[in-house]
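Enquirer: Need a 3D model of the following:
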Amino acid sequence: MAKHVCPVWIGYLLASPLRKMFQNPDKILSGYIQEGMKVLDIGCAMGFFSLPLARMVGPGGKVICVDIQHKMLLSLKKRAEKAKLAQRIETRLCNRGSFCIDDLKGKIDFIIASAVAHELPDPLSLFAETWQVLAEEGRFLLTEPAGHVSKENFKVTVSVAEGQGYKIMNRPRIKRSHSVLLGKA
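Expert: Next up is the predicted model:
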């Protein structure tokens, strides 16, 4: 699936509370998430966005967390249990050929893929699979780290999404990131 997969040890840095100083998940996501939603976190790692999402969707919602690394998912599960959010989080180990989300067709209200697309050899797979699971009124927040991904490369990724049928709904400003909010055209 990935050209280069983020090492597990970096997952600890990405989940660090210090990161909230420049990327606060609550501020980034609060305008998009409502109680009872079903959310998909692609490339969730250790849950920097997953745990706040689980709080936001409430007891009637669900956050499906997908990652290619078993150790990342194990750490997320432990963190979710400690935060008493484990019932709201479902983890899925994906594989090189699929995000393993075929059973979610049309059921997802919101998708986040943060710092993931640049690790994929073909981002078309990201947009093809997520298109199938996103509800008609659903939204997809795509972010890439500005330090890793050039503005031009991000534009190419967004054009791949548009080619799959996604429409740009907004361009939220997220520190140290390129970001776009997508919806179905």
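Enquirer: just the helices in this protein please.
Expert: Secondary structure of the chain, counting by DSSP state H: helices at 8-14, 25-29, 50-57, 70-82, 124-133, 151-163.
Enquirer: Just want the angle from the fifth one to helix 151-163.
Expert: Which is helix 124-133. 40 degrees (axes from the mean of the first three to the mean of the last three C-alpha atoms, to 10 degrees).
Enquirer: For this protein, give me the ranges with low pLDDT.
Expert: Applying pLDDT under 70 to the chain flags residues 1-22.
Enquirer: returning to that earlier point: among the helices of the chain, which is the most enclosed?
Expert: Compared across those, helix 50-57 shows the largest average neighbour count, a mean of 23 (mean count of other C-beta atoms under 10 Å). C-beta here means a position set from N, CA and C on the backbone, and glycine is covered the same way.
Enquirer: Can you mark which positions in the strand ranked longest in the chain are buried?
Expert: With secondary structure taken from DSSP state E, the chain has its longest strand at strand 134-145. Neighbour counts over strand 134-145 (16 or more other C-beta atoms under 10 Å) mark L134, A135, G138, R139, F140, L141, L142, T143, E144 as buried.
Enquirer: got the contact list for that strand?
Expert: Contacting residues not belonging to strand 134-145 are listed as 28-29, 32, 106-115, 117-118, 130, 153-154, 157-158, 161, 166, 169, 172, 174, 176-184 [C-beta atoms under 8 Å, 6 or more residues apart in numbering].
Enquirer: That strand to helix 124-133, inter-axis angle?
Expert: Strand 134-145 runs at 150 degrees relative to helix 124-133, counting by the same axes, to 10 degrees.
Enquirer: related to what we said a few turns ago, will you turn the helices of the chain into JSON lines that also has distance to R92?
Expert: Formatted as JSON lines, the helices of the chain follow (distance: least, C-beta to C-beta, whole Å):
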{"stretch": "helix 8-14", "distance to R92": "16"}
{"stretch": "helix 25-29", "distance to R92": "20"}
{"stretch": "helix 50-57", "distance to R92": "12"}
{"stretch": "helix 70-82", "distance to R92": "8"}
{"stretch": "helix 124-133", "distance to R92": "12"}
{"stretch": "helix 151-163", "distance to R92": "22"}
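Enquirer: From start to finish, how long is stretch 32-47 in a straight line?
Expert: Distance across stretch 32-47, first residue to last, is 18 Å (C-alpha to C-alpha, to the nearest Å).
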